[in-house]
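J.: Output the structure for:
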Amino acid sequence: MSNRTNEILTRFKDIENEINIELERDMIQLRFISELEELMELKGINKMQLAGLLGVSASFLTQVFKAKKTLNLALLAKLNRIFDIRFEITSRSSFSAIRTNIYEIQNENSEINYLRDSNLESFMPVNSKRNTKKFALAA
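T.: Numbers count the residues shown, from 1 in each chain. As a prediction, the model looks like this:
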């Protein structure tokens, strides 16, 4: 291949990486917004009221909810105070995420005791032994 072809391919890969990062950013924000909507519902706060409490316009907040604008750390700090909560940031490698998404459910006398995780959306059965059944987060 010519140098020009390599340059073009490299540029396309760079653009693809930028797009993927933007998509990941949007997905993180939308997951966060989903949690925020639950907090708003619990406190009985609508978007107009939240915008006022944050000191931003309703238009800006709407754009944040649509992932057209991103949240900054100052807004996160204000949300901490408004909802009297604390945001925690955790990181996991892909292997760690797979390992931690396996949950044990014990069946004792027909009662099911289980661990609940806020990220858990659905269960998928995995091999079971004795009265212990393992379920993994469905992809």
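J.: Please name the residues that touch T62.
T.: T62 is in contact with K47, counting by CB atoms under 8 Å, 6 or more residues apart in numbering. The way it works is simple: take the backbone N, C-alpha and C, and place the C-beta from them, glycine included.
J.: buried sites along the strand or helix carrying it?
T.: Per DSSP states H and E, T62 falls inside helix 58-65. In terms of neighbour count (16 or more other CB atoms under 10 Å), helix 58-65 has its buried residues at L61, V64, F65.
J.: Quick one: those residues as JSON lines, columns for pLDDT and distance to N80 too.
T.: Listed next are the buried residues of helix 58-65 as JSON lines, based on pLDDT from 0 to 100; distance: CB to CB, whole Å:
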{"residue": "L61", "pLDDT": "95", "distance to N80": "17"}
{"residue": "V64", "pLDDT": "93", "distance to N80": "16"}
{"residue": "F65", "pLDDT": "93", "distance to N80": "18"}
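J.: Out of those residues, which is nearest to E37?
T.: Checking those against E37 with CB to CB, the nearest one is F65 at 8.1 Å.
J.: care to break the chain down by domain?
T.: Domain ranges of the chain: 3-83, 94-137, per automatic domain parsing.
J.: Select from those domains the stretch with the lowest mean pLDDT.
T.: Ranked on mean pLDDT, the bottom entry among these is domain 94-137, at a mean of 43.
J.: Kindly reformat the buried residues of helix 58-65 as TSV containing distance to G55.
T.: Converted to TSV, the buried residues of helix 58-65 look like this (distance: CB to CB, whole Å):
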residue	distance to G55
L61	11
V64	13
F65	17
